[in-house]
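S.K.: predicted model and sequence follow; I will ask about them next.
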Amino acid sequence: MKQDIVLAGNILVDIVKTVDLYPQLGMLANISAVKQAVGGCVPNTAIDLAKMDPSLKLGAIGRVGQDAYGDYALSQLQEHGIDTSRISRSAAAPTSFSDVMSLPSGERTFFHARGANAEFVPEQAGLESLQCDMLHVGYLMLLDGFDAEDAEYGTRMARFLHDAQALGMRTSVDAVSSASADYQRTILPALRYCDYAIVNEIESCGIWNIAPRNAEGMLDIAAVRSAMERMAQSGVRCKVIVHSKEAGLCLDVPTGAFTMVPSLDLPAGQIAGSVGAGDAFCAGCLYGLWKGYDDQKLLRYASAAAACNLSAENAVDGLRSVQEIWQMAEAYPRRKLC
């Protein structure tokens, strides 16, 4: 059966710990709550899409360990009707996990163990027998087997996306923000074989060593737009989409049209955490692309999906139905950008 959207890439479990502060080295911080939830591109984005529209035919591709975390991740996906038949299990590596240290303000820091994700390679995806309209892969820079060098295509991820396009799938990617990764080496080859690139301002600007914010910490819209245009010139076919705390931005590649929609201005009491907010925005974009939304409507919807996510401490509990997401879009004002 042909699926609508298939998510491939990282599968992990988040152990979210709410802390009162980030301590200096050797000092103590208090943990007020501990919760377990799925994490990573595949569970977050797939479950978000399933909660938006249960009629979607969704699939998941990745690798987990033969352990309790792996059982948990698979059960959560299956509970939402997502096909997990293409998720393999490792006998040697544990299921990937992250300890997520979350402040009451919603800011968070991740301590990540790659685990079975590091064993995931393109051959395990069974691409030649996959039938879907749209294939989204994430996260670039956190999939060792896909980020590895390829003599012809630059990276194995780029070859994988090329092959998917050749089979008639629309391809989409996102990335992870890393302080140590080589953005240009890892992301640039993949852009040549993407219909859509959905990343944040750090990742888009990181490819070109451009600062996404000015000296006052404000989003430099001109810099981000420049980075997006360079991404389009590097091969993205249809749309480059960037999300930040302040706004969502979209560059339609064929026409050159640039659209920006400010984020919803939520009261502080509405924000329980920001884990998975980027994945929720991404899920909103994928849904809008699948439905054929214009760029303004797509960004409005994706930002409202991200705003719903902020109401929960983990990555998926805050997501709601399409109707409820549109209600969120109308319930609050938009942020004012300078």
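M.R.: Nice, I can see it.
S.K.: residue contacts, Gly278?
M.R.: Shown in contact with Gly278 (CB atoms under 8 Å, 6 or more residues apart in numbering): 174, 200, 243, 306. No exception for glycine: its C-beta is placed from N, CA and C like everyone else's.
S.K.: just the pLDDT for the spatially closest residue to Arg108 that is not a sequence neighbour.
M.R.: Closest residue to Arg108 apart from its sequence neighbours, by CB to CB, 6 or more residues apart in numbering: Ser102 at 4.4 Å. pLDDT recorded at Ser102 is 85.
S.K.: count the neighbours of Ser102 for me.
M.R.: 24 (other CB atoms under 10 Å).
S.K.: use 11 as the first number for this chain going forward.
M.R.: With the count now opening at 11, the last piece we talked about shows up as Ser112.
S.K.: and the gap between it and His172?
M.R.: Taking CB to CB, to the nearest Å as the measure, Ser112 falls 38 Å from His172.
S.K.: go on, Ile15?
M.R.: For Ile15, the distance to His172 - CB to CB - is 19 Å.
S.K.: neighbour count winner among those two?
M.R.: More neighbours surround Ile15 than the other of Ile15 and His172, with 23 against 18 (other CB under 10 Å).
S.K.: need the contact list for the more buried one.
M.R.: By CB under 8 Å, 6+ apart, the contact set of Ile15 is 59, 66-69, 142-146, 296, 300.
S.K.: which SSE is it in?
M.R.: Element membership for Ile15 (DSSP states H and E) is strand 13-19.
S.K.: in its sheet, what does that strand sit against?
M.R.: Next to strand 13-19 in the sheet, as set by DSSP bridges, lie strand 68-75 (parallel), strand 142-150 (parallel).
S.K.: and the helix or strand that comes right after it, how far from the chain's centre?
M.R.: For strand 13-19, the following helix or strand on the C-terminal side (DSSP H and E) is strand 22-29. Strand 22-29 sits 17 Å away from the centroid of its parent chain (CA atoms, centre = their mean, to the nearest Å).
S.K.: just list what strand 22-29 packs against, helices and strands only.
M.R.: For strand 22-29, the elements it packs on are strand 41-49, helix 78-89, strand 106-112, judged by 3 or more CB pairs under 8 Å, 6 or more residues apart in numbering; DSSP states H and E.
S.K.: show me what the mean pLDDT comes to for that strand.
M.R.: So the average pLDDT for strand 22-29 ends up being 91.
S.K.: follow-up on the earlier one: would TSV of the helices and strands packed on strand 22-29 with distance to Phe156 be doable?
M.R.: As requested, the helices and strands packed on strand 22-29 are exported to TSV (distance: least, CB to CB, whole Å):
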stretch	distance to Phe156
strand 41-49	18
helix 78-89	19
strand 106-112	14
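S.K.: quick one, which of the ones you listed is nearest to Asp275?
M.R.: Nearest to Asp275 among the helices and strands packed on strand 22-29 is strand 106-112; the distance by CB to CB comes to 21.3 Å.
S.K.: direction included, what does the helix or strand following that closest one pair up with?
M.R.: Counting by DSSP H and E, the next helix or strand C-terminal to strand 106-112 is strand 118-123. Strands that pair with strand 118-123, judged by DSSP bridges, come out as strand 106-112 (antiparallel).
S.K.: the partner strand vs strand 41-49, what angle?
M.R.: 140 degrees (axes from the mean of the first three to the mean of the last three CA atoms, to 10 degrees).
S.K.: show me how far strand 106-112 is from its chain's centre.
M.R.: Computed by CA atoms, centre = their mean, the chain-centroid distance of strand 106-112 equals 16 Å.
S.K.: now stretch 42-55
M.R.: 13 Å.
S.K.: state the distance from the residue nearest the centre of the chain to Leu68.
M.R.: Residue closest to the average C-alpha location in the chain (CA atoms, centre = their mean): Asp289, at 3.7 Å. Distance of Asp289 to Leu68, computed by CB to CB: 14 Å.
S.K.: with only the CA atoms kept, save the helix or strand of the chain with the lowest mean pLDDT in CSV.
M.R.: Sorting the helices and strands of the chain by mean pLDDT, DSSP states H and E puts strand 118-123 at the bottom, at a mean of 86. Extracted as CSV, the C-alpha positions of strand 118-123 are listed here (Å, rounded to 0.1, in the frame of the first residue of the first chain):
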residue,chain,number,x,y,z
ARG,A,118,16.8,23.0,27.1
THR,A,119,20.1,21.3,26.7
PHE,A,120,20.7,17.7,25.4
PHE,A,121,23.1,15.0,26.5
HIS,A,122,22.8,12.4,23.7
ALA,A,123,23.9,8.8,23.3
